[in-house]
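Enquirer: I'd like to go over a predicted model; first the sequence, then the structure.
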Amino acid sequence: MKQYDLVVIGAGPGGYVAAIRAAQRGAKTAVVEYRNLGGVCLNEGCIPTKTLIHTAELYRKLQNAEEFGIEVSDVRVNIPKLLKRKETVIGLNTGGIAALLKANGIDLYEGKASLPAAGQVEVNGEILTAKNTIIATGGRPAQLPGLEFDGKLVIGSTDALNLDRVPESVVVIGAGALGTEFSCIWNAFGSKVTLVEMMPTILPRSDAEPAKLLERILKKKKVDVRTETSVSKIEKKESSVVVHLDGKKAGTVEAELVLVAVGLQCNSEIVSESPLKLELGKRGGIPVNDRMETPIPGIYAIGDVIDRTWLAHGASAEGIVAATNCSGGSATMDYRVLPACNFSSPELASVGLTEEEAEEQGYTVKTGRFLFAGNGRAHTIGSAEGMVKLIGDASTDEILGVHILGPEAGEMIAIGALAMRIEGTLEEIASTVHTHPTLSEALWEAAEDYYGRSIHSRPKK
């Protein structure tokens, strides 16, 4: 029986980060992982999808290379080589995590953990005693009755990442981040894509205005977007699926594949199958407070298993909070300033409140906007579609939300997050000189538009 100050169950972006932070703070730490270091994000989520997205965008630009003064012929997608590169990228990252755990003196146990009692973790028949435990077991794609994955005609995201061909046609059910990203990948590679979403807009958690603009952009790229539409049933044939749709854009669509991307559920069986008495949420979420503590003293939970952000960097931030608290410190999780990015084409990133949320919370809302069509740098790189939208409190000009649809939105959103973190105002962005020519100038222009003085926008009537 080995004794630890902390045992972390799960080595995804929440778990391994928590372990490293705890070790940095002097805690004797162990990590238990039964699959792969890096969790879903590194192996079946963030990193592999972004590897495919980068290739898809590169392929799209090469198809239009003459626009950039480059003559290219016979441009093709080699899926086996792309999958090999994806695995190389994953391997480099998992190897890096293993090295970091070792360098920080963290013991790694490979196996499935269980919780026989508070303060005990069992793995491979061995009991580890722990002053504190962090549960970071993540989540998995949800399945719906009648839409279960079969790995051939009806697939989930893991199957999609390992697909050895470009499908001729595909119906994507669910236009959240996952569904929208795969729609953009397959559209770039030449598939006929139908994207189905039951809500009024794609990416329904996003601010409605940039989300609707993205929908128009995808339609220009020949993606058949069907919002306010749901799936009533599917019929499997030998080599295709007929999808029956109800709602605003009812009808039937026949496709080679169906990707089900309707959300996730928590991997909380470690609690539900243990003697610990914890009441779980509707998707199996483990309840925690803002210190990441569960109702059981000494047990913390972070990441997808608590059913909050479903973001890798959200899990990492929660992991740092939990590790700090279980190693003698005091920290709380601030969800007010948590950026997110949907790596669609173009990207849609946001931080803070949407315009609708701000109004619902009682703010007198004022907005500033700027289209990338007026940004010189966007034209030089051939990506001038999209917009920046800034939301402010009209009484104080404090920034309430930042929404960016356009090239490198995921990089630029950090500027908005920092501005909100220090409780900045729109005037402070507007009075900050931005480098020219850069994409970030669009943030400055949107801040100037908030005050009715954007330079590169037409005067408002």
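Expert: Nice, thanks for sending it over.
Enquirer: neighbours of the closest residue to G10 other than its chain neighbours, just the number please.
Expert: Spatial nearest neighbour of G10, chain neighbours left out: A136 (3.6 Å); criterion: CB to CB, 6 or more residues apart in numbering. Where you see a C-beta, it was placed from the backbone N, CA and C, and this is true even at glycine. Using other CB atoms under 10 Å, A136 has 33 neighbouring residues.
Enquirer: quick one: contacts for A136?
Expert: Applying CB atoms under 8 Å, 6 or more residues apart in numbering to A136 gives the contacts 8-12, 14-15, 18, 39, 301-303, 305, 315, 319.
Enquirer: nearest to T380, of those residues?
Expert: A315 (36.3 Å; CB to CB).
Enquirer: That closest one: what's it in contact with?
Expert: Applying CB under 8 Å, 6+ apart to A315 gives the contacts 12-14, 17, 41, 136, 302-304, 309.
Enquirer: Now do the same for it: its pLDDT.
Expert: If you check A315, the pLDDT there is 97.
Enquirer: May I have the phi/psi pair for it?
Expert: Backbone torsions of A315, given as degrees, to the nearest 10, read phi -60, psi -40.
Enquirer: now swap in V260 and tell me
Expert: phi -100, psi 120.
Enquirer: isn't it right up against I155?
Expert: Yes: counting by CB atoms under 8 Å, V260 does reach I155; the two are 7.3 Å apart.
Enquirer: quick one on the thing from earlier: between the contacts of A315, which sits nearest L128?
Expert: Proximity of those to L128 (CB to CB) peaks at A136, which lies at 15.3 Å.
Enquirer: I'd like the average pLDDT over stretch 433-448.
Expert: On average, stretch 433-448 scores 98.
Enquirer: now it, how far from the centre of its chain.
Expert: 26 Å (CA atoms, centre = their mean, to the nearest Å).
Enquirer: start at 44 instead
Expert: Yep, numbering from 44; the last one is stretch 476-491 now.
Enquirer: tell me which residues in that stretch are buried?
Expert: By neighbour count on 16 or more other CB atoms under 10 Å, the buried set for stretch 476-491 is 477, 481-491.
Enquirer: now swap in stretch 77-86 and tell me
Expert: Judged by neighbour count (16+ other CB under 10 Å), stretch 77-86 contains these buried residues: 79-86.
Enquirer: tell me what the helix or strand harbouring L391 is packed against?
Expert: L391 belongs to strand 390-395 when assigned by DSSP states H and E. In terms of contacts (3 or more CB pairs under 8 Å, 6 or more residues apart in numbering; DSSP states H and E), strand 390-395 is packed against helix 251-263, strand 383-385, strand 442-449, helix 452-464.
Enquirer: avg pLDDT for the next helix-or-strand element following that strand?
Expert: Downstream of strand 390-395, the first helix or strand assigned by DSSP H and E is helix 398-403. Taken as a whole, helix 398-403 carries a mean pLDDT of 97.
Enquirer: buried stuff in helix 398-403?
Expert: For helix 398-403, by 16+ other CB under 10 Å, it's 398, 401.
Enquirer: ok, residues contacting it?
Expert: With CB under 8 Å, 6+ apart as the test, helix 398-403 has contacts from 250-252, 408, 410, 432, 434, 436, 443-444.
Enquirer: run the last query once more with 7 Å
Expert: For helix 398-403, contacts defined as CB atoms under 7 Å, 6 or more residues apart in numbering pick out 250-251, 408, 410, 434, 443-444.
Enquirer: mind checking pLDDT for the spatially most central residue of the chain?
Expert: In the chain, the residue lying closest to the centroid (CA atoms, centre = their mean) is L354, at 5.1 Å. L354 is assigned a predicted lDDT (pLDDT) of 95.
Enquirer: In contact with it: list those residues for me.
Expert: A383.
Enquirer: Regarding this protein, what is its longest strand?
Expert: When the chain is parsed with DSSP state E, its longest strand is strand 169-178.
Enquirer: Just the buried residues of it, please?
Expert: Across strand 169-178, burial judged by 16+ other CB under 10 Å covers 171, 173, 175-178.
Enquirer: Name the strands paired with that strand and say parallel or antiparallel.
Expert: strand 45-52 (parallel), strand 163-166 (antiparallel), strand 342-344 (parallel) (DSSP bridges).
Enquirer: Mind listing what's buried along the first one?
Expert: Of the residues in strand 45-52, those with enough neighbours to count as buried (16+ other CB under 10 Å) are 47-52.
Enquirer: Just give me how far it sits from the chain centre.
Expert: 29 Å.
Enquirer: Just the mean pLDDT for that strand, thanks.
Expert: Rounded mean pLDDT across strand 45-52 is 97.
Enquirer: swap in the shortest one?
Expert: Along strand 342-344, the predicted local confidence has a mean pLDDT of 97.
Enquirer: Extract the CA atoms of stretch 417-436 and return them as CSV.
Expert: This file holds the C-alpha atoms of stretch 417-436, laid out as CSV (Å, rounded to 0.1, in the frame of the first residue of the first chain):
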residue,chain,number,x,y,z
GLY,A,417,-12.2,46.2,-44.2
ASN,A,418,-9.0,44.7,-42.8
GLY,A,419,-5.9,44.9,-45.1
ARG,A,420,-4.1,41.9,-43.6
ALA,A,421,-7.1,39.7,-44.1
HIS,A,422,-7.0,40.4,-47.8
THR,A,423,-3.3,39.7,-48.1
ILE,A,424,-3.9,36.2,-46.8
GLY,A,425,-7.0,35.6,-48.8
SER,A,426,-9.3,35.3,-45.7
ALA,A,427,-11.5,38.4,-45.5
GLU,A,428,-14.8,36.8,-44.4
GLY,A,429,-16.0,37.3,-40.9
MET,A,430,-16.4,40.0,-38.2
VAL,A,431,-15.4,41.2,-34.7
LYS,A,432,-18.3,42.0,-32.3
LEU,A,433,-17.6,43.7,-29.0
ILE,A,434,-20.3,43.9,-26.3
GLY,A,435,-20.1,46.6,-23.6
ASP,A,436,-22.0,47.9,-20.6
